[in-house]
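Asks: 3D model of this:
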Amino acid sequence: MSLRIIPVIDLRAGRAVRGRGGERRRYVPVESRLGGVSPVDLADPVRLLRAYVEMLRSATVYVADLDRIEAVGDHERLIVDFAAAAPGVRLLWDGGFRHGLDASRLSRNGRVVPVLGTERMLAPAVLARVPRPATGSRPALSLDLTESGILAGSPEVTSLGEVEILRRAAGAGLTTAILLLIGRIGTGRGLPRERLSRLQDAARGLDLCVGGGIASTADLDFLAHSGFKGALLSRALHDGAIVVRDLEAAGFLG
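Replies: Prediction:
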C-alpha cells in the first residue's frame, strides 16, 4: 500500500515520552509492547529509534522536540545522533520552528525535514513564501487541529481556516502536510473521518499525513483508501493495539 507508517518520538528532557490528549506536562517515559506482550523500557530515544527501524523497517520517523516547542530547551544534539544511528531514515523534526530556515543547518543532507507547526505560527505571512534552503530540505507543514478549529500562535492564523492554510501551504511550494489531531493524541479515540475526507479533497498538490487518535488497522485502511500518504503512530504501537504482524499482513510494511 502507498500509506507510510511513520512512528513518533516525543522528546522531553533527553527522554522519549508519551502522553494523552496533548497534555504535555503529563507525558511519561515510554514503556512499549512494540516487541512483545510485556512492556519494556524504550525511553532512551536512540534505542526507540532503532526499535522502529528494526521492527517496522521505518524509512521516516516523526520527532517532536517538546522542550524546543515550549522554548525551555532543545534536543539538537539528539537529532544529530539519530541521523548517525539510522543513516537510511528521514526525520520529520517538529522543533517549534517559526519559519522554514530555522533548521537548515541540521538538514544539509536532506534527511532532516523541519516541520512548521501552526501552534507556533505567529502570522499568515509565514505561508506566503517558504523558500527552500540552499543546503537543506523544504519544510513540511503541521496543521495542528483541535476538535473544532486550529491551534495556532495568533488569531490571524486561526482565522484563515484549515482549508485556506492548506491552500496557502501548497501555493508556497510545500509538498507535505501533517493533519495533527492534538486532542486525540494518545487517546485511541479513532479518526474524525468526515473532516479528514473534506481536508483531503481540499488539499490539492499536498501529500497528507494524519496523526492523533489512530486506534486500529481499520483506521489505517480508511487512510490508505482515502489517498492519505502517511499515518503517525505512537500509542497504538506501544499499547499493542496495532502490532507488527498485523501491519505486515495488511501490507503496510512493504
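
Asks: can you give me the strands in the stretch 51-200 of the chain?
Replies: Along the stretch 51-200 of the chain, counting by DSSP state E, counting those that start in this stretch, strands occupy 60-65, 90-94, 112-117, 140-145, 176-181.

Asks: next, the angle from the third one to strand 90-94.
Replies: This means strand 112-117. Calculated by axes from the mean of the first three to the mean of the last three C-alpha atoms, to 10 degrees, strand 112-117 forms an angle of 30 degrees with strand 90-94.

Asks: by contact count, what packs against strand 112-117?
Replies: strand 90-94, strand 140-145, strand 176-181 (3 or more C-beta pairs under 8 Å, 6 or more residues apart in numbering; DSSP states H and E). C-betas here are computed from N, CA, C, even on glycine.

Asks: quick one: average pLDDT of it?
Replies: In this model, strand 112-117 has a mean pLDDT of 91.

Asks: from now on call the first residue 36
Replies: New numbering, starting at 36: the last item is strand 147-152.

Asks: quick one: strands adjacent to that strand?
Replies: Its sheet considered, strand 147-152 pairs with strand 125-129 (parallel), strand 175-180 (parallel) by DSSP bridges.

Asks: doesn't Ala51 fall inside a strand?
Replies: Yes: counting by DSSP: H, G, I helix; E, B strand; the rest coil, one finds Ala51 located in a strand.

Asks: gap between it and Leu234?
Replies: Between Ala51 and Leu234 the computed distance is 29 Å (C-beta to C-beta, to the nearest Å).

Asks: state the pLDDT value of Gly56.
Replies: pLDDT, Gly56: 69.

Asks: most tightly surrounded among the strands paired with strand 147-152?
Replies: The highest average neighbour count among these, using mean count of other C-beta atoms under 10 Å, belongs to strand 175-180 at a mean of 26.

Asks: what about that one, distance to the chain center?
Replies: Relative to the centre of its chain, strand 175-180 is centred 9 Å away, using C-alpha atoms, centre = their mean, to the nearest Å.

Asks: relative to strand 211-216, how tilted is the longest strand along the chain?
Replies: Looking across the chain with DSSP state E, the single longest strand is strand 39-47. Orientation of strand 39-47 against strand 211-216 (the same axes, to 10 degrees) gives an angle of 60 degrees.

Asks: related to what we said a few turns ago, out of Ala51 and Leu234, which sits in the busier spot?
Replies: Between Ala51 and Leu234, counted using other C-beta atoms under 10 Å, Ala51 has the larger neighbour count: 25 against 22.

Asks: and the more buried one, what are its bridge partners?
Replies: Leu46.

Asks: let me see the contact set for it.
Replies: Residues near Ala51 by C-beta atoms under 8 Å, 6 or more residues apart in numbering: 44-45, 64-65, 77-80, 83.

Asks: just checking, Gly223 touches Asp254?
Replies: No: counting by C-beta atoms under 8 Å, Gly223 sits too far from Asp254 to count as a contact (9.6 Å).

Asks: ok, these two, which is more surrounded?
Replies: A side-by-side neighbour count of Gly223 and Asp254, using other C-beta under 10 Å, places Asp254 first with 21 against 16.

Asks: residues contacting that one?
Replies: 225-226, 248, 266.

Asks: chain neighbours aside, what residue packs nearest to His273?
Replies: Residue nearest to His273 in three dimensions, not counting chain neighbours: Ser67, with 4.1 Å by C-beta to C-beta, 6 or more residues apart in numbering.
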